[in-house]
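Engineer: Sharing a model prediction with you, sequence too.
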Amino acid sequence: MSQRNSLRNMPDENGHYGIFGGRFVAETLMPLILELESAYEAAKKDEGFWKELDGWFKDYVGRPSPLYFAERLTEHFGGAKIYFKREELNHTGSHKINNTVAQVLLAKRMGKTRIIAETGAGQHGVATATVASRLGLPCIVYMGAKDIERQQPNVFRMRLLGAEVRPVTSGSHTLKDAMNEALRDWVSNVHDTFYVIGSVAGPHPYPAMVRDFQSVIGRETKQQILEKEGRLPDVLIAAVGGGSNAMGLFHPFLDDDVRLIAVEAAGDGIETGRHAAAMAAGTPGVLHGSRSYLLQDEDGQVVEPHSISAGLDYPGVGPEHSWLKEQGRLEIAPATDAETLEAFQLCGRIEGILPALECAHALAHIAKIAPTMDKDQVIVLNLSGRGDKDIFTVAEHLGVKL
Amino acid sequence: MSDRIRERFAALAAEGRAGLVTYLCAGDPDPETSLALIRGLPGCGVDLIEIGMPFSDPMADGPAIQAGNLRAIAGGMKLAKVLDLVRRFREEDQATPVILMGYYNPVHQMGKERFIQSAVEAGVDGLIMVDLPPEEDEEFCLPAKAAGLDFIRLATPTTDAKRLPVVLNNASGFIYYVSITGITGSAAPVADQVGEAVRRIKSSTTLPVAVGFGIRTPEQAAAIARHADAAVVGSALVDLVASNLDEAGKARPGLVETVHSLVRDLAAGVRGARA
Ligand SMILES: Cc1ncc(COP(=O)(O)O)c(C=O)c1O
């Protein structure tokens, strides 16, 4: 395929994906963003960087993660063959570690001595705290006060890993405010601080950089499915918060004849307005450094999202997803809290795997499509994290006291 | 370039003094109080008025200004009403420059053409768009300038010699030097460092340089006014609005007078700076 016609060549040199993306940040940050961009460009061309990263992936993260044939789930739905890309088996329990290892290694190369991050569910915070601890760098994690309440186990984990968790009580006390606060910290400490963004969001080069780091998921999947099935899958499916696990799985397949389905959190149902479905129900807007689909009111104020899963509770989505949606390359599907809870339990009962509530959304959509597909068709689900962190939330919804 | 901004800085230069710029958030704590606050500013000695367009997620501002933004939104403030507020201010004052400051998303949502046209009609002179760096000039800066609005750019302590020309390119009205590496309302600026930065900027542009972020008292304003063409005060005023609300978040009697009284003191500080 010619280079020019590949969907994989985005963004352009200014970080734009069509009308999406860009660098919408305060002037104080611009020199830093440009410095990061050139440091990343240099690292990208440096074989040594990727070799070092591969070493970490193999021995610290535990890559490659298996591609598992979910036989009983496949039987249960009675249609397409279902495979799980087991990102939940990674060290710290989710795909977030792929990106944080890479970004913190980049921070080291840049001579930065202080790491900050934002986190919603806590998985990105835990992953960042882990790598910072391993490399001996102080780490501060901003987390909405509301999320701190509902994700106590991860808060405790971060503290055990030596990170400082700073509760965010500005705005609406959730992930978007944690990101605002991390940006404020960065503006105030630009000289020594590296901001590890947890998804394919934020100003250029973050969306492209995080995608590149997470693409290890899709590259492995491609090789593994060819080994197991001798062909590419029919469907790739992943849940989308900011969109990093989805983009990591999808990107190596963008030019292939494979359906890509991004599942968004529909909360109580999109029609209720209580959801986090930025692509299905949002409009293009500018937040946290890039233009993308955004949940906002008619006056451009950001609307607070809702999802049973703190990790999907973000009002925006990565700019590349928005662009791929507009290109017609990405299918967008909703999954409600209720459907997700059911999928979560089903997976535990018949596969012996408790998925994170985030990826249980994608599983809930599989329940809708797998039965309609042929038995020789193949679906790969990105099992982006494990459900240990979510047992308290699930118990509460099931009326069980722990 | 806006006549009002140019004339105002020319007048200040002729007087041999620096100007006072104040920031208040439109609609904070409610539309009527906000209008009264802003209408009274010229009489208190304010030379240029900066009005914040409320946004739910003002990332480059501190907690005080974010709270002000959220109060305004809760009080029903909308972008169209911000423009209305300017229109009503203009009915009584034709001379004081008005600069709208804010984040891009509400403008983007209204539609940039519609916003630019309404802003010009309402009597706005310039814009400060915090999250639109020169790299995104084609997006909004160029059409706004073509319509006659000044595009006031922020320069910061991280703006080095290599970057300064990028920042100055397409800037108009004046340059807003952010005196600290941080958010609004955090640290206090160090006057000597500010002086050096202002001299550096002035060696590359003929535009006036206003300095803000962290100025809270008449003494600090005076210290900055010795080095800059204007001193900008925001958080201190927004904080004073906040501390004059009752338990229900409504304006207490006397709020407007209290804020105006601090503004008068700041103006006196600025006026006395080079005496
Ligand atoms: C397990 C898991 N999956 C998915 C997500 C959503 O993020 P993203 O869309 O960037 O993959 C999160 C976020 O915290 C997560 O913890």
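Structural biologist: Now that the structure is in, tell me what you want to look at. Numbers count the residues shown, from 1 in each chain, chains lettered A, B, ... in the order given.

Engineer: can you pull the contacts of the residue in the stretch 151-275 of chain B that the ligand sits nearest to?
Structural biologist: In the stretch 151-275 of chain B, no residue comes nearer to the ligand than B:Ile183, which is 25.8 Å away by CB to the nearest ligand atom. Any C-beta I mention is one placed from the backbone N, CA and C, and that applies to glycine too. Residues near B:Ile183 by CB atoms under 8 Å, 6 or more residues apart in numbering or on different chains: A:184, A:187-188, B:60-62, B:213.

Engineer: By neighbours, which of these wins?
Structural biologist: B:Asp61 (31 neighbours; other CB atoms under 10 Å in any protein chain shown).

Engineer: Give me the distance between that one and B:Arg6.
Structural biologist: 28 Å (CB to CB, to the nearest Å).

Engineer: now the contacts of B:Ile183 in CSV, with distance to A:Glu47?
Structural biologist: Converted to CSV, the contacts of B:Ile183 look like this (distance: CB to CB, whole Å):
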residue, distance to A:Glu47
A:Arg184, 37
A:Val187, 34
A:Ser188, 36
B:Ala60, 38
B:Asp61, 43
B:Gly62, 44
B:Phe213, 44
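
Engineer: quick revisit: what pLDDT is listed against the residue of the stretch 151-275 of chain B closest to the ligand?
Structural biologist: At B:Ile183, the predicted lDDT confidence score is 79.

Engineer: Apart from its chain neighbours, what residue comes closest to it?
Structural biologist: B:Gly62 (4.4 Å; CB to CB, 6 or more residues apart in numbering or on different chains).

Engineer: didn't that neighbour look like it was pressed against A:Val187?
Structural biologist: No. Counting by CB atoms under 8 Å, A:Val187 is not a contact partner of B:Gly62; they are 10.1 Å apart.

Engineer: Spit out the contact partners of the residue nearest in space to the middle of chain A.
Structural biologist: Geometric centre of chain A, nearest residue: A:Ser244, 3.2 Å, by CA atoms, centre = their mean. Counting by CB under 8 Å, 6+ apart, A:Ser244 touches A:95-96, A:99, A:198-200, A:210-211, A:214, A:318.

Engineer: got the residues of the stretch 301-402 of chain A near the ligand?
Structural biologist: Neighbours of the ligand within the stretch 301-402 of chain A, by CB under 6 Å from any ligand atom: A:311-312, A:356, A:358-359, A:384-385.

Engineer: Can you add neighbour count and distance to B:Asp137 and give those back as CSV?
Structural biologist: Compiled in CSV, those are given as follows (neighbours: other CB atoms under 10 Å in any protein chain shown; distance: CB to CB, whole Å):
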residue, neighbour count, distance to B:Asp137
A:Gly311, 34, 36
A:Leu312, 32, 35
A:Ala356, 28, 42
A:Glu358, 34, 38
A:Cys359, 34, 41
A:Ser384, 31, 38
A:Gly385, 28, 41
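
Engineer: which among those gets closest to chain B?
Structural biologist: A:Leu312 (18.6 Å; CB to the nearest CB).

Engineer: Contact partners for the closest one?
Structural biologist: By CB under 8 Å, 6+ apart, the residues touching A:Leu312 are A:239-241, A:264-265, A:276, A:305, A:357-358, A:361.

Engineer: Mind doing that once more with 7 Å?
Structural biologist: When contacts are counted by CB atoms under 7 Å, 6 or more residues apart in numbering or on different chains, A:Leu312 touches A:239, A:241, A:265, A:276, A:358, A:361.

Engineer: what about the first one, how many residues close to it?
Structural biologist: Burial of A:Ala239 is recorded as 34 neighbouring residues (other CB under 10 Å).

Engineer: How about the third one?
Structural biologist: Using other CB under 10 Å, A:Ala265 is surrounded by 30 other residues.

Engineer: How much space separates it from chain B?
Structural biologist: 20 Å (CB to the nearest CB, to the nearest Å).

Engineer: For that residue, give me the backbone phi and psi.
Structural biologist: phi -80, psi 120 (degrees, to the nearest 10).

Engineer: One more: the first one?
Structural biologist: The phi and psi torsions at A:Ala239 (degrees, to the nearest 10) take the values phi -80, psi 150.

Engineer: give the contact list for it.
Structural biologist: A:246, A:263, A:312, A:358-359, A:361-362, A:384.

Engineer: measure B:Arg88 to B:Ala122 for me?
Structural biologist: B:Arg88 is 9 Å from B:Ala122, by CB to CB.

Engineer: Show me which of those two is the more surrounded one.
Structural biologist: B:Ala122 (19 against 15).

Engineer: give the contact list for the more buried one.
Structural biologist: B:83, B:86-87, B:90.

Engineer: rerun that using 10 Å as the cut-off
Structural biologist: By CB atoms under 10 Å, 6 or more residues apart in numbering or on different chains, the contact list for B:Ala122 reads B:80, B:82-90, B:98, B:100.

Engineer: next one: A:Ala238
Structural biologist: A:85, A:87, A:95, A:217-218, A:244-250, A:260-263, A:358-359, A:361-362, A:365, A:380-384.

Engineer: Among the residues you listed, which are located in helices?
Structural biologist: A:217-218, A:244-250, A:358-359, A:361-362, A:365 (DSSP state H).

Engineer: Neighbour-wise, give me the winner out of those.
Structural biologist: A:Ala246 (36 neighbours).

Engineer: Let me see the backbone angles for the nearest residue to it once chain neighbours are set aside.
Structural biologist: Sequence neighbours aside, A:Ala238 is the residue nearest to A:Ala246 in space, at 3.7 Å (criterion: CB to CB, 6+ apart). Dihedral angles of A:Ala238 (phi, psi; degrees, to the nearest 10) stand at phi -160, psi 150.

Engineer: picking that back up, what is in contact with B:Gly62 and A:Val187 at once?
Structural biologist: B:182-183, B:186.

Engineer: Please identify the residue of chain A positioned nearest to chain B.
Structural biologist: For chain A, CB to the nearest CB, closest residue to chain B: A:Gly300, 3.2 Å.

Engineer: List the residues that contact that residue.
Structural biologist: A:283, A:285-287, A:294, B:53-56, B:78-79, B:102-110.
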